[in-house]
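Asker: give me coordinates for this.
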Amino acid sequence: MDKNTITGFVLIAALIIGFSWFNKPSDEEIAQQRTQDSIANVQKEKAKQQQAANAAAAKAMAKIDTTAAFHEALAGKAQKVTLKNQKVELTFNSKGATVEKAVIKGFKDYKGNKDVTLFDGKDQSLNFMLAGKETNLITSDMYFTPSEVTDSTVVFTASATEGKSLTISYTLGKDYMLHASIQANGMSGMFAPNYNAMDVEWKDKCRQQEKGFTFENRYATLTYHLTEGGTDYLGETKELTDEAVEDNIDWVAFKNQFFSAVMIAKNDFGKNAKMTSIPQEKGSGYLKQYGAKMKTFFDPTGKQSTELEFYYGPNDFRLLQNVEEESKFGKELEMQRLVYLGWPLFRIINRWFTIYVFDWLTALDINMGIVLILITMLLKFITFPLVKKSYMSSAKMRVLRPKLDALTKKYDKPEDQMMKQQAMMAEYSKYGVSPLSGCLPMLIQMPIWIAMFNFVPNAIQLRGESFLWINDLSTYDPIIEWGTNIWLIGDHLSLTCILFCVANVLYSIMTMRQQRDQMVGQQAEQMKAMQWMMYLMPVMFFFMFNDYSAGLNFYYFVSLFFSAAIMWTLRKTTNDEKLLAILEAKYQENKNNPRKTSGLAARLEAMQKQAEELRKQREELERRRNN
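Answerer: The predicted structure is shown next:
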């Protein structure tokens, strides 16, 4: 940059600064502008107040408009009515004639309160809307008169002119089911001739009921059941607003981990229902903001009532199975699907094995920690024959290792790798050994581990149950907690998670030693390179499971302990010399009575031969090109 350019920049800067100073407003002008701004703000505030007053006046005029059909129901005083049994206590508000508070008895919340309050007051709202020819009826704005009140029944009536009325009747069952009937009386002239659908708008701010906010939030979902069968749900972590459901649905559930509020329609909820699920912030006391906008049957003539049923209760698999028997609709509701058991394979394991065993053990009235130990022992007992067979296959490979080491030395050149593999497979075949059998323990355990991963967090029987140092098996068991959230770790350290991860490291060391004893050549080298991955996995598990339930971590810890004990016992009771003698006898038998290789071994052998032929062809082509 030359001298003239610098001088030009300085002059331009001076000109801009001087112009800004020259146009700076005086103190009097600044004061005048502030006064004008204050006057404008006051005027805006008055305009807002006037607008609110006009809206209130319009609403008041609507209430006293004697020409409106339900003008008497638009003014009144809200009354509270309570229906209760041994399971639930439901409080109704006569304004809107719906449940405003649901208390589930016999379950403590995470704060130690005696009962669980599913929702209360403004956290939940239910509104029925009818589109008339001249005016719309919105039940949340109407004051109903309660009558025929008992502990299990109430009838709410909103009266209109000329004998018209809208009645909502409720009957509470023995357990958690509430039956509702909505019926019009003399209202057919208020609606279009073909009018037959009522709008239903249901909202709920799902409360946090468990100590572990993040873990509970994973299982809090807006779930619905399709009329044609099967359930679906909105994503647990996504913010979804007015998601359309194209098919008819039987019921919609506002669900958290262990409790649900469910609304069921006798005549289905029509197509294109709009569902909303918005995750809430940790520390707010809420998990999700749920919403459902639906349509269902309505008869203005009053010949048929609109029938709904509500379930306010625990997500207990067996209890939800029995809801269909208590329901008056005769539908196949499949409400037990609210207890998520995993993908099809894992659901089958949980549905037809785990749940039956769990029911049998819990009926013995023993501690839930003992139940988890017994389930683990039973699963190990059932899978032991396969595990033993797999271990013996690994042991056979171990005692044959000197022979395989000899083949490795014989075929030590890079171009001999295929021949070495063929020779090893032939050696295995001579002694009747399958090199893939050693993978069976992991293949056997993985479906069971994943099945239990889905079952344990959803088992309400573990909720609030203590064992040893664990206060609640359904949530994490902290040995230390702190106030702030640390990325990946959270705000605590779970003891059962630490035990599980340590056990995982020790079990990995044991299995790696076993596999290293049976591998030769390049396989052994690859195994050494993979060791760091085996050590990294427990660390990853720590970050994943630190927030998970102590019951699940405890099950995994006990399962690994028994697996290690079984492997150690088999190793100590296996005589390598006797096993080798048995294999040599087997070799002589196969030598005297050769049998054609079949199954997987035959396919592997064929693939190796084909690969070898391709290699030879490539080498021949390369040799011809060079010549």
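
Asker: quick check: closest non-adjacent residue to the residue nearest to the spatial centre of the chain.
Answerer: Centre of the chain computed as the mean C-alpha position; nearest residue by CA atoms, centre = their mean is Tyr219, 3.6 Å away. In space, and not counting its chain neighbours, Tyr219 is closest to Gln257: 4.1 Å by CB to CB, 6 or more residues apart in numbering. Any C-beta I mention is one placed from the backbone N, CA and C, and that applies to glycine too.

Asker: phi first, then psi, for the one you found.
Answerer: Per-residue torsions, Gln257: phi -60, psi -50 (degrees, to the nearest 10).

Asker: pretty sure it is touching Ala459, no?
Answerer: No: counting by CB atoms under 8 Å, Gln257 does not reach Ala459; the two are 10.6 Å apart.

Asker: who's more crowded, those two?
Answerer: Neighbour totals were compared for Gln257 and Ala459, and Ala459 leads with 28 against 25 (other CB atoms under 10 Å).

Asker: quick one, what contacts the residue nearest to Tyr219?
Answerer: Contact analysis of Gln257 by CB atoms under 8 Å, 6 or more residues apart in numbering lists Gln209, Glu210, Phe215, Glu216, Tyr219, Ala220, Asn315, Pro457, Asn458, Ser474.

Asker: same check, this time on Thr362
Answerer: Met368, Val371, Gln461.

Asker: low-confidence regions, the stretch 451-600 of the chain specifically.
Answerer: 515-530, 590-600 (pLDDT under 70).

Asker: where exactly do the helices run in it?
Answerer: 495-518, 521-545, 550-572, 576-592, 599-626 (DSSP state H, counting those that start in this stretch).

Asker: now tell me what touches the first one from outside.
Answerer: When contacts are defined by CB under 8 Å, 6+ apart, helix 495-518 is touched by residues 394-395, 397-398, 401, 438, 469-470, 476-479, 524, 527-528, 531, 534-535, 537-539, 541-542, 545-546, 548, 550, 553-554, 556-557, 560-561, 563-564, 567-568, 571.

Asker: could I get the helices of the stretch 451-600 of the chain as TSV with mean neighbour count and distance to Asp123?
Answerer: Shown next, in TSV, are the helices of the stretch 451-600 of the chain (neighbours: other CB atoms under 10 Å; distance: least, CB to CB, whole Å):
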stretch	mean neighbour count	distance to Asp123
helix 495-518	18	33
helix 521-545	14	31
helix 550-572	20	29
helix 576-592	13	67
helix 599-626	12	59
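
Asker: so what pairs up with Ile168 in the strands?
Answerer: Beta-bridge pairing for Ile168 (DSSP bridges): Phe156, Ile182.

Asker: show the pLDDT at it.
Answerer: On the pLDDT scale, Ile168 is placed at 97.

Asker: please apply the same query to Lys24.
Answerer: On the pLDDT scale, Lys24 is placed at 50.

Asker: got it, and Thr67?
Answerer: In the predicted model, Thr67 carries a pLDDT score of 48.

Asker: before we move on, back to that, closest to Ala273 among the contacts of Thr362?
Answerer: Nearest to Ala273 among those, counting by CB to CB, is Gln461 at 33.1 Å.

Asker: picking up where we left off before, of the contacts of Gln257, just the buried ones, ChimeraX syntax please.
Answerer: With 16 or more other CB atoms under 10 Å as the criterion, this ChimeraX line picks the buried residues out of the contacts of Gln257:
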select :209,210,215,216,219,220,315,457,458,474
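
Asker: mind putting the contacts of Gln257 into CSV with distance to Lys80?
Answerer: Shown next, in CSV, are the contacts of Gln257 (distance: CB to CB, whole Å):
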residue, distance to Lys80
Gln209, 24
Glu210, 29
Phe215, 35
Glu216, 30
Tyr219, 32
Ala220, 28
Asn315, 28
Pro457, 37
Asn458, 35
Ser474, 33
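
Asker: now do the contacts for the nearest residue to Asn485 once chain neighbours are set aside.
Answerer: Leaving out its chain neighbours, the residue that sits closest to Asn485 by CB to CB, 6+ apart is Asp491, at 5.2 Å. Going by CB under 8 Å, 6+ apart, Asp491 touches Glu481, Trp482, Gly483, Thr484, Asn485.

Asker: mind checking which of the helices of the stretch 451-600 of the chain is nearest Trp343?
Answerer: For those, the distance to Trp343 is smallest for helix 550-572, at 17.3 Å, taking CB to CB.
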